[in-house]
Structures are given as structure tokens and as C-alpha cells.
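K.L.:
Quick one, what's the 3D model for this:
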Amino acid sequence: MNKFEQAKKTIELEVLAITAMAERLSKSFDIALEIILHSQGRVVIIGMGKSGIIGQKIAATLASTGQPAFFVHPGDAYHGDLGMIRPVDVALLISNSGETEEVIRLLPFLQHQKNKIIALTGRMNSTLSKYADVALDVGVDREACNNNLAPTSSTTCSLVMGDALAVALSSARSFQPKDFARFHPGGNLGRKLLTCVGDVMHKKNLPICLPGDAFRKIVQVITEGRLGIALVVDEKKLVGIITDGDIRRAFELDQDLKFLLASTFMSLHPIHVSPTMRLVEAENLMLEKKVNSLVVVENDQLQGVLQIYDQVKI
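P.N.:
Take a look at the predicted model:
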């Protein structure tokens, strides 16, 4: 078997393991969700070795999707970090065998504190499963490793089960993009989710004309404005918009263009948004309406213009 075939086989084995796990999903998953949803504390994830690394990722995903969570190394926990765990917290213990010594020896403390315990394990008859309030089956028929030894399929299943918990919890709590943005203020993603229309809109030297302006003046305004539109304003109130498309259609009218006024061929009721609308929502609106520009209005007063190309500014 060449390297490419080996890589493909590895991926296929892990996909099969995940599919089998999905088919085994039971009422236990709902019970685990309810335990976390009704908890007044945080989710404390504990795991050893590769399971610990997976646990760190699960903790990060939970925290970023609205569920307070953190990871505790079982070795550190046994030497003082147990003080970080409060009685109201939920303990999520990860052990493929369900017999990992460093994890099992924490059970008496958690039981004494009356912490709710959720187990992610590959053995439903293990010690961990026995003492947990609910156990989620992440077992696999075999590891993707050639020797069926290195944690591969099993750690992938634990990771996916953690993602399933995080997504189900965020859905149950109606976690929205604006909530996600609060936990991700840095980077392009955070900027996109937190940026408002007013932060990037064009607000200076807007291409404005009056309802009585002639065709020649309108073309000049569009050309100089470089936005492909002219905003028709009457006493500071937006009454219409003229686009490049409106100009092209004007040439099809059976009349002398020099006598054509803005009010006679402008588009009424242009799509407009508020400067406080989040940029990502405005972008979705432009895609939905298949337009390149949105007029920004507040209290019936023209504030600016947002174009789909302005997304690159963030």
C-alpha cells in the first residue's frame, strides 16, 4: 500500500468511526445536554494524554460558543487544582478505556462535592461509565493506526462528540452571530462580526442630485461620484436613486434625453439600512437582493452609501 492509499484509508476509517458513533447516539446525549443547560456553573473538562489535548479543544469550543468552560489536567488537579472546581460545575471526563488512573482517582472528590459527571468513553461498562451521571459512547472498532494502538479514530470521535455538545448547547440557547462576536473581537472574523455599516460606509462627497436636475447633470454626478449611482435628495430627504442601469434604460425611452429630469426616471424606495446595522447583515442583504449598493439612512436623513466592495476594508 503506497502513501496515498494509506492516507486515504486512514481518513476512511475515521469517517466510518464517526458515522458509527452517530448511529449509536442515544437519549444519553439529551441527558448530558440537560445537565449542562441546568447547571449554574461551568463545564470542567479533564483528560489525560491525547484525551487531554482533545479536552482542551472542547473547552475552547464550548467557551467560544457561549458555555463557560475550562480544562484541568488530572495530574495538576490531584496536586491542588481541584480547588478550581466548584460544586455547581459539571465535570466532563474523557477516557477511551474508562480506566485511566489519573482520571478515575478524581471521582471520589467529584462525588463528595456532588458534581454532575459526564463521561466521554469508549467502554460503556468501565469504572468511569459506572460512576458518571451519564456516559457518551465514543468507542471505535479499531484505531486508524496501522497497529491499532495510537489514539486516532478514538480521539477524533471524542473531538466530534465535543463539537456536537457545543453546537447543540449554542442552538438550545439561541446563540447568535452577535454573541459569537463578543467572544472573538480579534482577527478578521471578529472585526467582520463587530463592524457596523457606519464604520465603513462612504459619507463624504456623496453623489447627490436634485429631482429637477437634467440628464446631463445626473451623468456628471454619477461619473464624479465613482460609486455607479446618483442619490436623489429633496430637502435632505432621500426620494430616489439612479443607477447605471437606470441610465442605460433611459436611452431606450422615446424622448429627448436633454429634457429628461431625475424625478422622471429615478428608482423610488431604494433599499436602505441603518448605520448601526452590523456589516455582516448588510452584506447578506446585498447578496439576497442582488445589489451592489445600499443607501444608509437614519431618521429619514441620508447618511452615506455602502457598497459590497467595502467588505475588503475589514
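
K.L.:
What distance do you get for L136 to G304?
P.N.:
Distance of L136 to G304, computed by CB to CB, to the nearest Å: 51 Å. C-beta coordinates here come from the backbone N, C-alpha and C atoms, glycine included.

K.L.:
Of those two, which one has the most company?
P.N.:
L136 (28 against 19; other CB atoms under 10 Å).

K.L.:
what is that one paired to in the beta sheet?
P.N.:
Counting by DSSP bridges, L136 forms beta bridges with L120.

K.L.:
correct me, but it touches G122?
P.N.:
No - when contacts are counted by CB atoms under 8 Å, L136 is not listed as touching G122 (10.2 Å).

K.L.:
buried sites along the host helix or strand of A230?
P.N.:
Element membership for A230, per DSSP states H and E: strand 229-234. For strand 229-234, a neighbour-count test (16 or more other CB atoms under 10 Å) marks I229, A230, L231, V232, V233 as buried.

K.L.:
so who does the third one touch?
P.N.:
Residues in contact with L231, defined by CB atoms under 8 Å, 6 or more residues apart in numbering, are L206, P207, I208, C209, L238, I241, V295, L302, V305.

K.L.:
you'd agree the fifth one is in a strand?
P.N.:
Think L238. Yes - counting by DSSP: H, G, I helix; E, B strand; the rest coil, L238 is part of a strand.

K.L.:
Just give the number of residues close to it.
P.N.:
Residues lying near L238 (other CB under 10 Å) number 20.

K.L.:
Next, please give the residue ranges for the strands of the stretch 201-314 of the chain.
P.N.:
With strands called from DSSP state E, counting those that start in this stretch, the stretch 201-314 of the chain shows them at 208-209, 229-234, 237-243, 272-273, 293-298, 301-307.

K.L.:
mind checking how far the second one is from the chain centre?
P.N.:
Distance, stretch centre to chain centre, for strand 229-234: 37 Å (CA atoms, centre = their mean, to the nearest Å).

K.L.:
Rounded mean pLDDT for it, please.
P.N.:
On average, the pLDDT along strand 229-234 is 93.

K.L.:
How is this protein divided into domains?
P.N.:
Listed by automatic domain parsing, the domain ranges of the chain are 3-175, 197-313.

K.L.:
can you list contacts of whichever strand or helix holds Q6?
P.N.:
Q6 belongs to helix 3-24 when elements are defined using DSSP H and E. Helix 3-24 is contacted by residues 1, 137-142, 144, 146, 152-154, 156-157, 160-161 when judged by CB under 8 Å, 6+ apart.

K.L.:
so which of these comes closest to T223?
P.N.:
Of all the contacts of helix 3-24, T223 sits closest to V160, with 55.6 Å by CB to CB.

K.L.:
dump the residue contacts of the closest one.
P.N.:
Counting by CB under 8 Å, 6+ apart, V160 touches I18, M21.

K.L.:
That one belongs to a helix?
P.N.:
Yes - under three-state DSSP, V160 sits within a helix.

K.L.:
Relative to S129, how far out is it?
P.N.:
Taking CB to CB as the measure, V160 falls 19 Å from S129.

K.L.:
which residues of the stretch 51-200 of the chain fall in strands?
P.N.:
Ranges of strands within the stretch 51-200 of the chain are 69-72, 90-95, 116-121, 134-137, based on DSSP E, counting those that start in this stretch.

K.L.:
Out of those strands, indicate the one that is most buried.
P.N.:
Across these, averaging neighbours per residue (mean count of other CB atoms under 10 Å) puts strand 90-95 on top, at a mean of 28.

K.L.:
Who does that one pair with, and is each partner parallel or antiparallel?
P.N.:
According to DSSP bridges, strand 90-95 has these partners: strand 43-47 (parallel), strand 116-121 (parallel).

K.L.:
Could you dump those strands into JSON lines and include mean pLDDT and distance to A214?
P.N.:
Listed next are the strands paired with strand 90-95 as JSON lines, based on pLDDT from 0 to 100; distance: least, CB to CB, whole Å:
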{"stretch": "strand 43-47", "mean pLDDT": "97", "distance to A214": "68"}
{"stretch": "strand 116-121", "mean pLDDT": "98", "distance to A214": "73"}
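
K.L.:
nearest to F259, of those?
P.N.:
strand 43-47 (72.0 Å).

K.L.:
got the contact list for the residue of the chain most remote from its centre?
P.N.:
Distance from the centre of the chain peaks at D256, with 53.6 Å (CA atoms, centre = their mean). By CB under 8 Å, 6+ apart, D256 lies in contact with nothing.

K.L.:
roughly how far apart are it and K9?
P.N.:
Counting by CB to CB, the gap from D256 to K9 is 75 Å.

K.L.:
next one: G80
P.N.:
Distance, G80 to K9, using CB to CB: 44 Å.

K.L.:
I'd like the strands of the stretch 51-200 of the chain as TSV, with distance to I54 appended.
P.N.:
Converted to TSV, the strands of the stretch 51-200 of the chain look like this (distance: least, CB to CB, whole Å):
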stretch	distance to I54
strand 69-72	10
strand 90-95	6
strand 116-121	9
strand 134-137	13
